[in-house]
Structures are given as structure tokens and as C-alpha cells.
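>>> Quick one: sequence plus predicted model below, questions after.
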Amino acid sequence: MKSLTKAVVIASSLMATQAFAADSVETLYQVAKANDPSIQAAVNGKEEAVQLKRQALGALLPSANASLSYGTATSTQTVSQPKVLLVNGVNTSGNPDSGAVATLETASTEEISVGLGDRAQLTGSISVQQNVFNMQAIKGYAITDLYTERAQFGATAAEQDLMLSVAEATIALMKARSGVELAQRQEEAVSRQLEQVEAKYQEGLVARTEVENARASYEEARLGVILQGNMLKSTQRQLELIVGQQVDAAVINPALAERLAVGNLEQWLNAAEQSPAMRNQAVSVQLAESQADIARYAYYPTVGASISYSRGAQFADWVQDGEIDDQGSVNLGVSVNIPIFNGFRTSADIVNKQIQAENAAASFEQGLRQVKNGVTALYEQLQSDLTNISVREQLVRSRQSAAQATEAGYEVGTATIVEVIGAQSNLFAAERDLTNARYDLLLNSLKLKEAAGTLSMDDLASLN
């Protein structure tokens, strides 16, 4: 009977035989970081901020353009020639007698086009433009550092989120492993009790009812091992989903919870106000307000300067050396553009930017309230967790004494096998709840640090 449940445990524990073996939670995080889409998105966000700065700088730097064109045309010339030739009153225009002596009497002419040849034209130019005064471009470049700052805070927040996700999934896996071990211990204990009561039944010391009750408890214990094994598989898959590949997670000792220092709430709240997530939102407010100001500069005039040089040449078949024209020119210019009316687009854009700035400020305020509320709730939960662990430690001691007393009573006939198994089950349940409470304290402490924006690799290292 033991072989099936042991097989379930072994299969659950070794289901990732080819998995990556992580020696620490930090190693798991590094693997997850290399495969996590949110981290890649944060990296792309920083690169996007760099390109935004380059784009804004481009509006302040000169721009240069060059062009080259080539075209051909066929040139013709209109000339006149005799149309009708009368020689001695005879029309000989069709086939005149070249040998006759003729006297020209009358003649008429017609105009015809005569091709002179092909003509080609080659023209090249280069021009440079420079913004001399453009307040929107100047202010637009001035705020580009805010994009970089926001992207950096966003990346840090994404890293902290991933740290917490990895730690949470690892702790869930540790709880599942602990559950399997306790379920297996309980099955073994009930199995021993079943063997004992069957031996006593063979000797006629106990009734058949005792045997059946013990066997039912054993089957229930076997089912518990199977269910805990399924839970272990589920938590293993969840960790692999976060990490991005099959892993064999490092072991976290739940007794580490006894070394935690909670601190005071005011410190956590002050830290939360400066967390990467909140600073990211604060920079977003600054950007929205700056963009609203930049929109107003659309009413300002703009000044630009330009210089250009062009040169063109024409070539013809009928001209000696081919070239008939070659000339160049240089143009300098300064332009001033004064906005007067553009169909209310500017005023509408200013209003929209102001609304966006107000919405960003409102979102920041709402986010700050939620963060402070979350930090307060987690702090209070940690206080409760500490009390919970203390109570459950005492409960384990009480359950252990009760189990020992019940076993002693069974030996002298004052307790039944059902009472013995029940006392043992209560002890295992108390041990499981204590272990889970310690893991919960570890996890909630990490959640508090993540909410306050102080979660770091050192915190992951402290779990080893």
C-alpha cells in the first residue's frame, strides 16, 4: 500500500529531472529576468527614451538636403522651303528636269520642322536649414531627461515586481513540498497504527471495528499524499511559468521568519512615497505639465535661416563641345513665421494637454493613497503573522503532548485507535499550519518591501 503513495511523492519531487538546478533564489531571479517579457519591455522603454531625446535634439540641429535632376528633350527648328515651282509655265515641283534651262516665273513656300538633335539638362542643388528660434523645439528638448528618468524608474519597478513574483512562486513551492513531506509522515504513522491494530485483532484483543477505522484513516492519509503531490506539481509549473524554463528551486528555510525585524509604520510609509513606482508616476505628472506648457508656445513666432547652392548645365548635339549653358547660384534667406489662426487647433491642443496633466496628477494622488493603504495593510499583517506564529508554536507543543498522552492511553486500553489517529492528525495539521505561517511571514515581509520600493537582491539572498 505504501508503494503507490511513495511513487506519487517521488514523481512529484523529480518531475523536472532535466530542469535547471538553482542554488539560490537570486539565481532563479536572474534566469527569470533573462526570459521575462516585462523586463524586456522595460529595457525597450529605456531605449525609446534615448531615441526620443535624439529626435528632440534633431529639431534644434541644422538639416541638409541635396537633389540632382536630369532631363532630355529633342530640339527642332522651323524653316521655309519652296512649295510649288513653275518652269516656263509647267509645274515641275514633282519631277523637275534638272538639265533644262528654266525661267522662274512664280513660287510659293511652306514651313517645316527640322530636328537639330537632343538636348540634356543636369541640375544639382544642396540646401541647409536651421531653426533660429522655436520655443516648442527648445522646451521639447529640455524635458527629454524626464523620459529617461521615467523609464529608469519603470525598469526598477518591473525588476522589483519580478523579484517578488519569483520569491512568491518559490515560497509556494516550498509550502507544497512541506505539505507532501507532512502528508507522507502522516501516512507512515497511520500505517504503523494499522499494522498494530491488525496484530491485536489477530490476538483477539480488539474488535473488528478498530481495524476498519484504522484502515479508513490509512486510505484517507494516502489520499492526502496524492492531493499534496498534485499541489506540488501545480506550484512547480507556476514557478516554471515565471522563470521561463524548467527549474529545480532552491530550498528556503521557514525558520528564517524568526529573524525578521518589522520596523515602524512611519518609516515604511515614507519609503513608499519615494518608491520607484510612485516616482515613475511623479515624473509622468511632470511630463504632462511640461507638455501642457509646450503646447502654449505654439502661439510664439518661429525664426528660421537657410542657405542653398544650385548649379545647372545644358548640353546639345549641335553645339561645339556639347555645352550651351552652365550657371550656378547661392541663396541666403531668413524666414519669420507668425501664427495667426489655424482653425482653433492650437487652443484645442492646449486644453487637451491641460486635461491630461490634471488626469496625471489625479492618478498620482490615487496611486499614492493606494500604496499607503497597501503598505499599512501589509504592516498590520506582519504584526498579525508574528502573533500567529507564536500561537501556533504553542499549539504544536500542545498537540504533541496530546498525541503522546493518547498513545499511552491506547496502550493501557483507555483510548481507541480512532482517538490515537485523530491526535496524530491534529499534530501533523498543527505542524503544517506553523510551517505555512512562517512562509507567509517571509512572503508578506517581501510584499511590504516591494510596496515600499525597497526590495532588492539582498532580500532575495537573505532567503537562502
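Perfect, I can see it now. Numbering: from 1, shown residues only.

>>> got the buried residues for the helix or strand containing N230?
Assigning secondary structure by DSSP states H and E places N230 in helix 208-243. Within helix 208-243, the residues scored as buried using 16 or more other CB atoms under 10 Å are 210-211, 213-214, 217-218, 221-222, 224-226, 228-229, 231-232, 235-236, 238-240, 242-243. Quick note: C-beta positions are derived from backbone N, CA and C, even for glycine.

>>> can you check stretch 454-464 too?
Residues 454-455, 459-460, 463 are the ones in stretch 454-464 that count as buried (16+ other CB under 10 Å).

>>> Tell me if N131 really is in a strand.
Yes: counting by DSSP: H, G, I helix; E, B strand; the rest coil, N131 falls inside a strand.

>>> residues near the closest residue to V371 other than its chain neighbours, how many?
Nearest residue to V371 in three dimensions, chain neighbours excluded: A272, at 4.9 Å (CB to CB, 6 or more residues apart in numbering). By other CB atoms under 10 Å, 22 other residues sit near A272.

>>> what helix or strand does A272 sit in?
helix 265-273.

>>> now for that helix, which elements pack on it?
In terms of contacts (3 or more CB pairs under 8 Å, 6 or more residues apart in numbering; DSSP states H and E), helix 265-273 is packed against helix 345-412, helix 417-452.

>>> With respect to I39, which of the ones you listed lies nearest?
helix 417-452 (15.3 Å; CB to CB).

>>> In the closest one, which residues are buried?
Buried residues in helix 417-452, counted by 16+ other CB under 10 Å: 417-428, 430-452.

>>> now stretch 266-278
268, 271-272, 275-278.

>>> And the contacts of it?
153-154, 156-157, 160, 364, 367-368, 371-372, 375-376, 379, 448, 451-454 (CB atoms under 8 Å, 6 or more residues apart in numbering).

>>> hey, C-alpha coordinates of it in CSV?
Output of stretch 266-278 as CSV, limited to C-alpha atoms (Å, rounded to 0.1, in the frame of the first residue of the first chain):
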residue,chain,number,x,y,z
GLU,A,266,6.1,55.6,9.6
GLN,A,267,9.3,54.5,8.0
TRP,A,268,7.6,52.2,5.6
LEU,A,269,5.1,55.0,4.6
ASN,A,270,7.9,57.4,3.9
ALA,A,271,9.8,54.9,1.8
ALA,A,272,6.6,54.1,-0.2
GLU,A,273,6.3,57.8,-1.2
GLN,A,274,9.8,57.5,-2.8
SER,A,275,9.3,54.0,-4.3
PRO,A,276,10.2,53.5,-8.0
ALA,A,277,6.6,53.1,-8.9
MET,A,278,5.5,56.3,-7.3
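
>>> Report the inter-axis angle for the helix holding A272 versus helix 417-452.
60 degrees (axes from the mean of the first three to the mean of the last three CA atoms, to 10 degrees).

>>> Need the three-state assignment for L60.
Applying three-state DSSP: L60 is coil.
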